[in-house]
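> Structure here, sequence nowhere to be found:
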């Protein structure tokens, strides 16, 4: 950290302003997507949703997010980081606000289905599905744009730490949401919660427009800092980035094991985070009877723990890099240690009979480990691929992660309805927590099998 402060003093700090902007965008991103899960216990009661109904609504978000991630990365690469990020946040903010109008949206959807001779869907479910789809399409742009901006503004040795910082915005969003959303809904209604939280994105957009530009066009960036940003001197990197206007096709990217390693890692582990984000409020209701504002403190504590994982996980690989390992090998070693921590989630159900705080803290450790894992798996892309292809590869991996999320949501909804009907909801959650615990070691094993050593892409 002292070395980092010295570097900042010598060359400038503007790149950290960009990191702060990405941090706040990610905070808004997670605020918007979490509103539904916090209101789900009340909305399920108001509209008569089963666990499978709720799973279908969340699965629409995850499926559209998955498909959109593939195109979002490509669009960000084509539009550029500045314009692409603005487009994404406009779409997802509109989608977030649309949830407040889910019932009229559902009625319009059913009228359209009737005209087409198709069976109607329950109005509330149809309306929320449409809203989630628009939200997902916009939110898919956040991480491809964020990772691309990080690759543009940071040399490799700082990217993991910068990614850890902006990725902790997800945790801040997850902390703020349970503190704000139940209170807003209790005082002004659930529709107002969606409108107020959704509108925040338009405020961020103004600051991004003012302060962001590509590094070589950025007037606020000193020459010394620009030279430092471009200080990666490997011949392969220079060659790969020599002509950033030449775009790379998806089929070319799918020909590399590095792409498949990233995609498999995302498929196995993103669903765990989705599960925590979308199902923990319902878990606290089903298992411990916590409702409305009662879930505020447990969830705020749990997601506060994830801050440690995100920032600490971003720093952790430097321990191995400073010992002489290249960035990729250092990251893989860090990811192995990180993958051991989610195993404590196996104890959540056995010890949950004593107090709901025990599973909250154990799941908090698992969620914290996920954030540490996340900032490292993202950075493996910029370790391996030239800057011009980073957003596209992140998009491919994001699609895989979204499909993993669909799988987890559908499986969870089915298990909870099945075991709930038997009076054994405990068993359904025990199975899901077991999957969450083991996913990271399985993912890492396959990733290392596909890419056993550092091998940057030099022929794109």
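Noted; the coordinates are in hand. Note that the coordinates shown come from a computational prediction; the quantities given were computed from them, not determined experimentally. Residues are numbered from 1 along each chain as shown.

> drop to CA atoms for contacts and neighbour counts, all remaining ones
Will do.

> Isn't residue 390 up against residue 147?
Yes. Residue 390 is within contact range of residue 147, at 7.4 Å (criterion: Cα atoms under 8 Å).

> For the host helix or strand of residue 307, give the mean pLDDT please.
Assigned by DSSP states H and E, residue 307 falls within helix 296-315. Helix 296-315 carries an average pLDDT of 84.

> Give me the helices and strands touching the following helix or strand past that helix, please.
Counting by DSSP H and E, the element after helix 296-315 in chain order, helix or strand, is helix 317-321. In this structure, helix 317-321 packs against helix 327-340, with contacts taken as 3 or more Cα pairs under 8 Å, 6 or more residues apart in numbering; DSSP states H and E.

> Residues touching the helix it packs on, excluding its own?
Helix 327-340 is contacted from outside by 156-157, 313, 316-321, 369, 372-373, 376, 380, 383, 440-441, 444, 453-454, using Cα atoms under 8 Å, 6 or more residues apart in numbering.

> Could you check how far it is from the centre of its chain?
From the chain centre to the centre of helix 327-340 is a distance of 19 Å (Cα atoms, centre = their mean, to the nearest Å).

> which regions of the protein sit below the pLDDT cut-off?
1-10, 232-248, 460 (pLDDT under 70).

> What ranges does it have for its strands?
Assigned by DSSP state E, the chain shows no strands.

> How about the backbone phi and psi for residue 222?
The phi and psi torsions at residue 222 (degrees, to the nearest 10) take the values phi -70, psi 160.

> doesn't residue 11 make contact with it?
Yes. Shown here, residue 222 and residue 11 form a contact pair, counting by Cα under 8 Å, at 7.4 Å.

> Surely residue 292 touches residue 180?
No. The pair residue 292 / residue 180 is not scored as a contact, 11.3 Å apart, by Cα under 8 Å.

> Please say which of the two ends up with more neighbours.
For residue 292 versus residue 180, neighbours defined as other Cα atoms under 10 Å are more numerous around residue 292 (19 against 16).

> Please list all residues in contact with the more buried one.
Counted by Cα under 8 Å, 6+ apart, residue 292 has contacts 38-39, 41-42, 182, 186.

> Please convert these to a markdown table, extending it with distance to residue 305 and neighbour count.
Converted to a markdown table, the contacts of residue 292 look like this (distance: Cα to Cα, whole Å; neighbours: other Cα atoms under 10 Å):
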| residue | distance to residue 305 | neighbour count |
| --- | --- | --- |
| 38 | 18 | 27 |
| 39 | 22 | 20 |
| 41 | 24 | 22 |
| 42 | 26 | 16 |
| 182 | 20 | 23 |
| 186 | 26 | 12 |
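
> out of those, what pair is the most spread apart?
Farthest pair in those (Cα to Cα) is 41 and 186. Separation: 13.1 Å.

> Now do the end-to-end distance for stretch 411-431.
Using Cα to Cα, to the nearest Å, the end-to-end distance of stretch 411-431 comes out at 10 Å.

> so what's residue 263 up against?
396-401.

> gap between it and residue 32?
For residue 263, the distance to residue 32 - Cα to Cα - is 25 Å.

> contacting residues for the spatially closest residue to residue 286 that is not a sequence neighbour?
The spatial neighbour of residue 286 that comes closest, neighbours along the chain excluded (Cα to Cα, 6 or more residues apart in numbering), is residue 425 at 7.7 Å. Counting by Cα under 8 Å, 6+ apart, residue 425 makes contact with 286-287, 416-417, 419.
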